[in-house]
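Q: sequence unknown, structure follows:
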């Protein structure tokens with residue numbers, strides 16, 4: 001599925017401004033807030049991290065994702081691969097994949113053998129404005145992946161990230177005329193690797 005995805009980073013003191021904008025524009029909440037848990041994969045050279053930092057294209061993100069309750073019970077995850085090309089992004093969701101992915105890793109044609117590196121958790125709110133889907137992410141936490149979950153320590157940040165997504169390329173910049181925040185480049189995966197000092 002092709003889509004345009006713009007990101008906006010705001011400080012915590014601008015949170016009130018965002019929700020004031022939501023109310024003033026009569027933007028509807030799409031469905032209830034929920035917690036998201038992601039396990040990000042990379043090869044042992046951290047090439048996914050490097051490509052993201054340097055903005056190389058094409059590039060990918062590979063992650064397992066689940067909602068609301070965290071454990072390593074693999075049946076509750078979906079496998080997502082996000083590919084960024086020169087003008088668009090696409091995301092594939094797989095519900096059928098190796099049950100041993102957390103221990104044996106995942107083979108990707110672009111990056112080779114990839115293994116779980118970090119866990120990212122956050123609270124997400126969902127909104128819809130015309131053809132745009134808006135997500136508001138806060139309480140972002142990062143942790144180094146630990147298959148035994150005995151040494152899992154999550155570190156918090158004050159980051160708040162807003163994402164505006166649209167599957168209609170011609171409408172991708174429509175919201176910029178009324179949105180009060182500036183676009184930014186932001187990757188939860190690369191920020192997590194940096195904060196945890198994994199490389």
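A: Thanks, I have the structure now. Note that the coordinates shown come from a computational prediction; the quantities given were computed from them, not determined experimentally.
Q: hey, let's count contacts and neighbours off CA atoms from now on
A: OK.
Q: ok, and what's touching stretch 74-87?
A: For stretch 74-87, the external contacting residues (C-alpha atoms under 8 Å, 6 or more residues apart in numbering) are 57-66, 89-97, 99.
Q: gap between the two ends of it?
A: Using C-alpha to C-alpha, to the nearest Å, the end-to-end distance of stretch 74-87 comes out at 33 Å.
Q: re earlier: buried subset of the contacts of stretch 74-87?
A: Buried by 16 or more other C-alpha atoms under 10 Å: 59, 60, 61, 62, 63, 64, 65, 66, 89, 90, 91, out of these.
Q: rebuild those residues as CSV, extending it with pLDDT and distance to residue 147.
A: Below are those laid out as CSV (pLDDT from 0 to 100; distance: C-alpha to C-alpha, whole Å):
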residue, pLDDT, distance to residue 147
59, 95, 26
60, 96, 23
61, 97, 20
62, 98, 18
63, 98, 15
64, 97, 14
65, 97, 16
66, 95, 16
89, 81, 30
90, 86, 29
91, 89, 26
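Q: farthest pair within these?
A: Distance extremes for the buried ones among the contacts of stretch 74-87: the farthest pair is 59 and 66 at 22.7 Å, using C-alpha to C-alpha.
Q: how far does stretch 74-82 sit from the chain's center?
A: 13 Å (C-alpha atoms, centre = their mean, to the nearest Å).
Q: element containing residue 65, please.
A: Assigned by DSSP states H and E, residue 65 belongs to strand 59-67.
Q: which strands and helices sit next to the worst-scoring helix or strand of the chain on mean pLDDT?
A: When the helices and strands of the chain are scored by mean pLDDT, DSSP states H and E, strand 2-10 comes last with a mean of 83. Packing partners of strand 2-10 (3 or more C-alpha pairs under 8 Å, 6 or more residues apart in numbering; DSSP states H and E): strand 89-94, strand 160-166, strand 183-184.
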